[in-house]
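Asker: compute the structure for the input listed below.
(chains A, B, C and D)
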Protein chains: 2
Amino acid sequence: MKTYPDELAKVRLAVDVVVFTYDEDKLKVLLIRRQQAPYAGRPALPGGFLWAAETTAEAAARILHDKAGVTGVFTEQLFTFDAPKRDPRGRVVSVTYYALVPSAELRLEPGIASQAPALHAVDDSGKLAFDHSSIVDYAAERLRSKLAYTNAAYSLLPERFTFSQLQQLYEVVLDRSLDKRNFRKKYLSLGLIEPTKEQLSGGRHRPAQLYRFVTRRPIELPAPAF
Amino acid sequence: MKTYPDELAKVRLAVDVVVFTYDEDKLKVLLIRRQQAPYAGRPALPGGFLWAAETTAEAAARILHDKAGVTGVFTEQLFTFDAPKRDPRGRVVSVTYYALVPSAELRLEPGIASQAPALHAVDDSGKLAFDHSSIVDYAAERLRSKLAYTNAAYSLLPERFTFSQLQQLYEVVLDRSLDKRNFRKKYLSLGLIEPTKEQLSGGRHRPAQLYRFVTRRPIELPAPAF
DNA sequence: ACAAAAGTGTTGTTACTACACCCATGG
DNA sequence: CCATGGGTGTAGTAACAACACTTTTGT
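Answerer: Below you'll find the predicted structure:
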């Protein structure tokens, strides 16, 4: 049995952000390419060390601003990863966040240190630096449940969207196909969205009704409960 | 716009644990009494600084062992609290955990520095040191949803228990009353528990069938889904 | 005999699943 | 006129909510 610490941990605190977007009918993550060792050349999550004057949430907002060019998007703390050997340089504990960004709002800043932030399909992002692959997996799982019991979808879609787009988003994130009629019925009954007066024409097919979210702020749906 | 950090944050990492137990038909939390400033005399969560050789999960296990006398109980990372002024002594980021312990397994160690670890009803624990009141609230909220879609109740009940005990636990945690027949029907249909051959007699009333959880490891129930 | 908790079914309502055809448009 | 995605209804089934009385024991 341990009684006294060898010493208190001298850790550095990092903040990493999983930036999800929905683009070309795929769920994508924003990844940068690491320039230095360790894991030079590997794709990695945008992140960095915590500054003295900021909270981790502020650090996440800063990273979102610098690497994705967005502010005020849906952001939530995900998990704190602290395996002792997750960073070969020493003890780094990472407080992770995930964010949802409509692809139209993303401004990938290619200038930054040629880290080349770019979108990668979540299913096909290869092996990432550090434990970032597990972080992305964990975030994707969290996203699945978020979509199921909140209106978080508003954060991944343009302001106005068709029912098909909404359904495809759910199909991609939940990774299974859904019945069109049942999905419409159920989603409309949630009262989260309303039809606009506009329609989307241009396809060589019948124009689609455009919908919008009634409120573009996080709403929790009442849980099924006991 | 910030461009460079004044300096990287020199933070200390703490681990605090919300130890829940179900005792005397109430949901309770384990609290110690702080001996030193800040907040001397105030009740607080058991916790401490992270040691060099351990992960935060190991630190949580250590705290559980030292303050509650238990090992191997249900423990899960809760949230990382990092408001800059949460600790007046300086920048302390706390990675919090919550744990579920059957009251019979708790061994409150009164010897330890007269911190007097003791159980307090969650609804009535007064104002705690630091931001620990918010941490307890957040943990209670998490516990509510855990009970709703996992078998986590096994971690708060003795190995064998009556249906009434189970229902009371749910009523206390969810903070509303449930219909006896509907609760039995639904809970039995989940297949999480099975009747034992024993009954509990002794009350001045009909003896109650004793049940046990089929598996005393975490199980997720399939979500309602879209 | 009585107090106290254990145990048990039915009915109406609501949500879920599965399933197939016509519509409006652009080319 | 045809290819493309948009849009709609119904019927069977399963889950949920509401509700009251009988049983077994100890005192």
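Asker: tell me the residues of chain A that contact DNA strand D?
Answerer: Applying Cβ under 7 Å from any atom of the strand, we find that chain A lies next to DNA strand D at A:162-164, A:180-182, A:184-185, A:199, A:203-209, A:224-226. C-betas here are computed from N, CA, C, even on glycine.
Asker: just the buried ones from those?
Answerer: A:T162, A:F163, A:A208, A:F226 (16 or more other Cβ atoms under 10 Å in any protein chain shown).
Asker: is the second one in contact with A:R184, as I believe?
Answerer: Yes - A contact is recorded between A:F163 and A:R184 when judged using Cβ atoms under 8 Å, the distance being 5.9 Å.
Asker: nearest to DNA strand D among the buried ones among the residues of chain A next to DNA strand D?
Answerer: Each of these was checked against DNA strand D using Cβ to the nearest atom of the strand; the closest is A:A208, at 3.7 Å.
Asker: residue contacts, the closest one?
Answerer: By Cβ atoms under 8 Å, 6 or more residues apart in numbering or on different chains, the contact list for A:A208 reads A:T162, A:F163, A:S164, A:Q199, A:L200.
Asker: from those residues, which land in helices?
Answerer: When the contacts of A:A208 are checked against helices (DSSP state H), the matches are A:F163, A:S164.
Asker: just the contacts of A:A208 now: which is nearest A:I135?
Answerer: Of all the contacts of A:A208, A:I135 sits closest to A:S164, with 31.1 Å by Cβ to Cβ.
Asker: distance-wise, check the spatially closest residue to A:T150 that is not a sequence neighbour relative to DNA strand D.
Answerer: The shortest distance from A:T150 to any non-neighbouring residue, by Cβ to Cβ, 6 or more residues apart in numbering or on different chains, is to A:E220 (5.5 Å). Here the criterion is Cβ to the nearest atom of the strand, to the nearest Å. By it, A:E220 lies 17 Å from DNA strand D.
Asker: let me see the backbone angles for the nearest residue to A:H132 once chain neighbours are set aside.
Answerer: Closest residue in space to A:H132, ignoring its immediate chain neighbours: A:L45 at 4.8 Å, by Cβ to Cβ, 6+ apart. Main-chain dihedrals, A:L45, degrees, to the nearest 10: phi -70, psi 150.
Asker: now do whatever helix or strand A:R142 lives in: distance to the chain's middle.
Answerer: Using DSSP states H and E, A:R142 sits in helix A:132-149. How far helix A:132-149 lies from its chain's middle: 8 Å, per Cα atoms, centre = their mean, to the nearest Å.
Asker: just checking, what packs against it?
Answerer: strand A:12-23, strand A:26-33, strand A:74-81, strand A:92-102, helix A:163-174 (3 or more Cβ pairs under 8 Å, 6 or more residues apart in numbering or on different chains; DSSP states H and E).
Asker: secondary structure element for the closest residue to DNA strand D within chain A?
Answerer: Residue of chain A nearest DNA strand D, by Cβ to the nearest atom of the strand: A:H205 (2.4 Å). Using DSSP H and E, A:H205 maps to neither a helix nor a strand.
Asker: again with A:R176
Answerer: Assigned by DSSP H and E, A:R176 falls outside every helix and strand.
Asker: and it, how many residues sit next to it?
Answerer: Neighbour count for A:R176, taken as other Cβ atoms under 10 Å in any protein chain shown: 10.
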